[in-house]
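> structural data only, the sequence is not supplied:
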């Protein structure tokens with residue numbers, strides 16, 4: 001069993017192995033979180049962020065294609081292809097490979113696991129033989145994806161020094177006036193996004209459990225406490241290190 005994770009630490013490869021094993025053993029997010037030493041919400045976010053999509057099984061030959069229409073169990077349509085005038089096919093259309101391309105009522109079946117816990121098919125007994133699209137969680141793939149994200153995030157936002165100064169000149173005076181960050185972002189969203197650059201998504205959520213000087217930033221590479229007290233503490237440490 002891996003060592004208990006400290007608050008604020010990133011998930012390790014060992015932690016992700018525990019998640020994969022927990023999913024296989026039908027454990028709840030709370031049970032997996034208890035083993036690792038984190039919140040169930042962390043497990044949920046980890047799985048949804050790093051699960052991978054596996055397209056449904058393709059069998060040889062068009063006649064063996066899977067009919068993935070959500071109505072196939074109740075459908076009774078016949079002769080959609082209308083091969084010959086006066087000829088009525090004795091085979092139900094849902095058993096024919098042309099059904100999905102000819103029928104106007106066709107809608108693909110989507111497994112509900114995509115939108116509800118555990119969000120992956122690891123523990124599904126039918127996963128190995130299922131011929132529908134599926135989502136899976138693999139610790140090695142998840143950790144590799146995390147390392148790639150971490151590497152790219154450390155390269156920083158593609159902004160010049162002048163652009164950073166310009167963004168600072170926009171935000172800092174408003175913060176000094178006592179305006180909340182959420183309020184600043186809401187009223188200057190277009191200006192901020194224009195300076196940060198395309199492809200960057202920002203979402204600010206108010207948390208009533210935090211005091212006025214608290215701020216937590218969550219990114220793809222981890223969660224960072226940017227509260228005033230923490231920043232002052234880090235500043236004091238830096239000053240002390242310069243005095244040694």
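Nice, I can see it. As the structure is a computational prediction, the values presented were derived from the model and not from experiment.

> make it CA atoms for all contacts and neighbour counts henceforth
Fine.

> going by secondary structure, the spatially most central residue of the chain is in what exactly?
Computing the C-alpha centroid of the chain and ranking residues by CA atoms, centre = their mean puts residue 49 first, at 2.8 Å. Residue 49 is part of helix 40-50 when elements are defined by DSSP states H and E.

> quick check: mean pLDDT of that helix?
Mean pLDDT, computed over helix 40-50, is 92.

> buried residues in that helix?
Residues 40, 43, 44, 46, 47, 48, 50 are the ones in helix 40-50 that count as buried (16 or more other CA atoms under 10 Å).

> outside of it, which residues touch it?
Contact partners of helix 40-50, identified using CA atoms under 8 Å, 6 or more residues apart in numbering, comprise 19, 29-30, 32-33, 117-120, 137, 141-142, 145.

> sorry, back to before: let's have the buried residues of helix 40-50 in JSON lines, adding distance to residue 68.
JSON lines is the format used below for the buried residues of helix 40-50 (distance: CA to CA, whole Å):
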{"residue": "40", "distance to residue 68": "33"}
{"residue": "43", "distance to residue 68": "31"}
{"residue": "44", "distance to residue 68": "28"}
{"residue": "46", "distance to residue 68": "29"}
{"residue": "47", "distance to residue 68": "26"}
{"residue": "48", "distance to residue 68": "24"}
{"residue": "50", "distance to residue 68": "26"}
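
> residue 174: which of those residues is nearest?
Nearest to residue 174 among the buried residues of helix 40-50, counting by CA to CA, is residue 46 at 34.8 Å.

> hmm, back to that, distance from the chain centre to the helix holding residue 49, please.
In this view, helix 40-50 has its centroid 8 Å away from the chain centroid, taken as CA atoms, centre = their mean, to the nearest Å.

> beyond it, next helix or strand please.
Scanning onward from helix 40-50 (DSSP H and E), the first element met is strand 52-54.

> list the buried residues of the next helix-or-strand element following that next one.
Using DSSP H and E, the helix or strand that follows strand 52-54 in sequence is helix 99-102. For helix 99-102, the neighbour count (16+ other CA under 10 Å) marks 99, 100 as buried.

> can you check stretch 183-190 too?
Going by neighbour count (16+ other CA under 10 Å), the buried part of stretch 183-190 is residue 185.

> now do it, average pLDDT.
The pLDDT scores in stretch 183-190 average 81.

> now the host helix or strand of residue 184: how far from the chain's centre is it?
Element membership for residue 184, per DSSP H and E: helix 181-187. Counting by CA atoms, centre = their mean, helix 181-187 is centred 25 Å from the centre of its parent chain.

> backbone dihedrals for the closest residue to residue 109 other than its chain neighbours, please?
Leaving aside its sequence neighbours, residue 109 sits nearest to residue 70 (CA to CA, 6 or more residues apart in numbering; 4.4 Å). Note on residue 70: backbone dihedrals following degrees, to the nearest 10 are phi -70, psi -20.

> what do you get for residue 164?
phi -60, psi -40.

> so how far is stretch 125-138 from its chain's centroid?
From the chain centre to the centre of stretch 125-138 is a distance of 18 Å (CA atoms, centre = their mean).
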